[in-house]
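A.B. asks: Pasting the sequence and the predicted coordinates here, then a few questions.
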Amino acid sequence: MQSLITLFQAAVFFGTVIMFGCIGEIITEKSGNLNLGVPGIMYLGGIASLAGVFIYEGKVENPNPIVCVVIALICSFVASALGGLIYAFLTITLRANQNVTGLTLTIFGSGVANFFGGSLNTLAGRFEQISVPVTSAAFRAVIPGLSGLGAIGKIFFSYGFMVYFAIIVAILTHYFMNHTRRGLNLRAVGESPATADAAGINVIRNKYIAICLGAGVSGFGGVYYVMDYIKGTWANDGSIEKLGWLAVALVIFTTWKSKNTIWGAYLFGILYWMYLYIPGQTRSSQEIFKMLPYLVTLIVLIIVSLKNSKEKQPPASLGQAYFREER
Amino acid sequence: MPLPKRIGIRGIAIVLSLIVSAIVIFAITKYNPIVVYEVMFEGAFGTKTRCWSTIKETLMLTCIAVGLSPAFKMRFWNIGAEGQILVGGIVTAGCMIYLKNLPTPLLFLVMFVTSALAGAVWALFPAIFKAKWNTNETLFTLMMNYVAIQLTSFFVSKWENPFGSNTVGIINQNGREGWFPSIFGQQYLLNVFIVLILTVFMFIYLKYTIHGYEISVVGESENTARYAGINVKKVIIRTMLLSGAICGMAGFIAVSGASHTISTSTAGGRGFTAIIVAWLAKFNSFTMILISLLLAFLESGAGEIASKCKLNDYASEMVIGIILFFILGSEFFVNYRLIFRKKAAKEEK
């Protein structure tokens, strides 16, 4: 029982990172653009929040936790939305290939983040291991009292606020996509931009907004990873990149529905950490078990394409550029 | 558009990107940007060893890009080169470890064939599903990468040497079984030959053979291909087998011809970078060499700056990102002519 609770907790920590990345990518893909730059964007979001808070905590005597959190979130959102803007400008206005541009964004984002993550101390003239204790504590703060409620407290209330924030974002996105005019317009753009254009929807503006907003949300995954998951430090081990690709995989797993991320992300987390809870393994056979999330995604991908049901398809114009003058 | 103008536009893009990168580097390091590029040149071509390591890196990228080009020309988004390289590498390392008593030519033949087979098999799964059920190949190949990475970790911990280090170490350090032999005293000359042969082969294959023609028709329009009586499924599977096989061979070259070890970073993101190389070169395998050279130069050059300034060498990825953004953006100006509305109105009069 105890170990099941720990597994679930680990899954929630893990799932929250990819949940943000995934919701952002769903918003982007609903506009008809496949952005393979999610790992890069998560990197940008993570490092921007870390850098912003690092400067603030270094300058101020007694950093205020709330200000820290606000700085972290704003810095991350701006940086990742800018990353999205580069992608949007290249793919929409300059009509560059989406896959190639996305991959370039991933290279760029991981370069920027790992560069600054590794040299922030040298640049700031400080030599200790980079850390932002106040902000990290604020991100990891749990509701006092509730988390002490035994098993229920551990399962539901032992997390920082970003975990609940992710769930709220997922629900809001679901509502936006299905119950608001703007959301329906956006989906129309992703399904058939020419039709949307004829109906008087501004395709270009919708795409730009969706991509930048989606990138901003994906970036929160980076913030959560940096501030909560690895406790306000930096590691040049490429894990954000791995998580970013898992977020892209999760988009398929959830069949482009943001409400499904709430359980899908945690399920990925469980699959990812399961190897720790299966007895009698050697170090090498653990590596085989770590394939599980990827294999499950593959199976879902195959089943979805075999079933070919209308409800579960990607947006019809996904990956294709739209030029009004071209037919 | 005439060739000089096309080259001119790309040249301007590269110069602009170098200026932007220089500004970024200056803002961080406060070094004179011109000195920075001198240091970069020094880092990439300063000594004979550095020259060869830049060449080695260029060839590696070219080899993968050559492997990817038929798939991309067919508009099959094979982003699984990373995995195909790794399985090729695993098989090669396996041969080096278990079959080191075979006579050298036979060992090389076995490594060559099995690594190509491994890469081809890795590419075959997504190809079959794409051909039969139109499964999204971008995401399929992406997942295959991670399966391959875990597989590599599995073999790394199985073959680890010394025990507990979690790395394979240099394989056959004493007897050098399965290492590429030096030719004329040059360790990497064989790599050059193999990659050049592949490059020429791919150029001819895509441009002057029926297969190449079929690939480009399928890439332009699947329906047209079907009307013309081309068996689209067969073309997809055949092309992916070839693409995967060459990527698998790239793994063979990386393990047997360069690092003599295997780890999850054997592919090291080159599978992704090579996509950009192949795309920007418009699938012309000779242009790929040039673009690979530019990227390899930037990588070793930026590494040099980083170590001079005590910064970390991820600076190179940042600079590569900036340059690629500019080149990607410049394609627009190659494909389209800008006419501003005022000017257009004047011309009509």
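C.D. replies: Arrived safely, thanks for sending. Numbering: from 1, shown residues only, chains lettered A, B, ... in the order given.

A.B. asks: for stretch B:89-103, which positions count as buried?
C.D. replies: B:89, B:90, B:91, B:92, B:93, B:94, B:95, B:96, B:97, B:102 (16 or more other CB atoms under 10 Å in any protein chain shown). Any C-beta I mention is one placed from the backbone N, CA and C, and that applies to glycine too.

A.B. asks: again, but for stretch B:134-141
C.D. replies: Buried residues in stretch B:134-141, counted by 16+ other CB under 10 Å: B:135, B:136, B:137, B:138, B:139, B:140, B:141.

A.B. asks: And for stretch A:64-74?
C.D. replies: The neighbour-count check on stretch A:64-74 (16+ other CB under 10 Å) flags A:68, A:69, A:71, A:72, A:73 as buried.

A.B. asks: Setting aside sequence neighbours, what's the nearest residue to the last one?
C.D. replies: The reference is to residue A:73. If the residues on either side of it in the chain are set aside, residue A:73 comes closest to residue A:223, at 6.6 Å by CB to CB, 6 or more residues apart in numbering or on different chains.

A.B. asks: Give me the three-state assignment for that neighbour.
C.D. replies: The assignment at residue A:223 comes out as helix when based on DSSP: H, G, I helix; E, B strand; the rest coil.

A.B. asks: My guess is it contacts residue A:161. True?
C.D. replies: No. Counting by CB atoms under 8 Å, residue A:223 stays clear of residue A:161, with 11.6 Å between them.

A.B. asks: Looking at these two, which is more packed in?
C.D. replies: Taking other CB atoms under 10 Å in any protein chain shown, residue A:223 and residue A:161 do not tie; residue A:223 has more neighbours (30 against 16).

A.B. asks: contacting residues around residue 244?
C.D. replies: Reading this off chain A. Residue A:244 sits next to A:21, A:38, A:39, A:40, A:41, A:42, A:43, A:106, A:218, A:221 when contact means CB atoms under 8 Å, 6 or more residues apart in numbering or on different chains.

A.B. asks: The chain in question should be chain B.
C.D. replies: Residue B:244 makes contact with B:67, B:78, B:84, B:119, B:120, B:121, B:122, B:123, B:124, according to CB under 8 Å, 6+ apart.

A.B. asks: In these, which has the lowest confidence score?
C.D. replies: Lowest pLDDT among the contacts of residue B:244: residue B:78, with 86.

A.B. asks: list the contacts for it?
C.D. replies: Counting by CB under 8 Å, 6+ apart, residue B:78 has contacts B:68, B:71, B:72, B:123, B:126, B:137, B:141, B:240, B:243, B:244.

A.B. asks: Below-threshold pLDDT in the stretch 151-300 of chain B: ranges please.
C.D. replies: Scanning the stretch 151-300 of chain B for pLDDT under 70 picks out B:164-165, B:175, B:181-183, B:185-187.

A.B. asks: quick one, strands of it?
C.D. replies: Per DSSP state E, counting those that start in this stretch, the stretch 151-300 of chain B carries no strands over any range.

A.B. asks: State the number of residues packed around residue A:213.
C.D. replies: Neighbour tally, residue A:213, other CB under 10 Å: 19.

A.B. asks: now do the one 5 residues further on
C.D. replies: Neighbourhood size, residue A:218 [other CB under 10 Å]: 36.

A.B. asks: quick one on the thing from earlier: please narrow the buried residues of stretch B:89-103 to those residing in helices.
C.D. replies: Using DSSP state H, the members of the buried residues of stretch B:89-103 that fall in helices are B:89, B:90, B:91, B:92, B:93, B:94, B:95, B:96, B:97.

A.B. asks: isn't the third one right up against residue B:120?
C.D. replies: No. Residue B:91 is not in contact with residue B:120 according to CB under 8 Å; the separation is 11.2 Å.

A.B. asks: Show me the common contact partners of the two, please.
C.D. replies: Between them, residue B:91 and residue B:120 share the contacting residues residue B:248, judged by CB under 8 Å, 6+ apart.

A.B. asks: Contact partners for the residue nearest to residue A:73?
C.D. replies: Residue A:223 is in contact with A:45, A:46, A:49, A:72, A:73, A:76, A:162, counting by CB under 8 Å, 6+ apart.

A.B. asks: Swap in 6 Å and give it another go.
C.D. replies: By CB atoms under 6 Å, 6 or more residues apart in numbering or on different chains, the residues touching residue A:223 are A:45, A:49, A:72, A:76.

A.B. asks: Next, format the residues you listed as JSON lines and append pLDDT, distance to chain B and secondary structure.
C.D. replies: What follows is these, written out as JSON lines (pLDDT from 0 to 100; distance: CB to the nearest CB, whole Å; DSSP: H, G, I helix; E, B strand; the rest coil):
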{"residue": "A:45", "pLDDT": "93", "distance to chain B": "16", "secondary structure": "helix"}
{"residue": "A:49", "pLDDT": "91", "distance to chain B": "18", "secondary structure": "helix"}
{"residue": "A:72", "pLDDT": "90", "distance to chain B": "22", "secondary structure": "helix"}
{"residue": "A:76", "pLDDT": "93", "distance to chain B": "18", "secondary structure": "helix"}
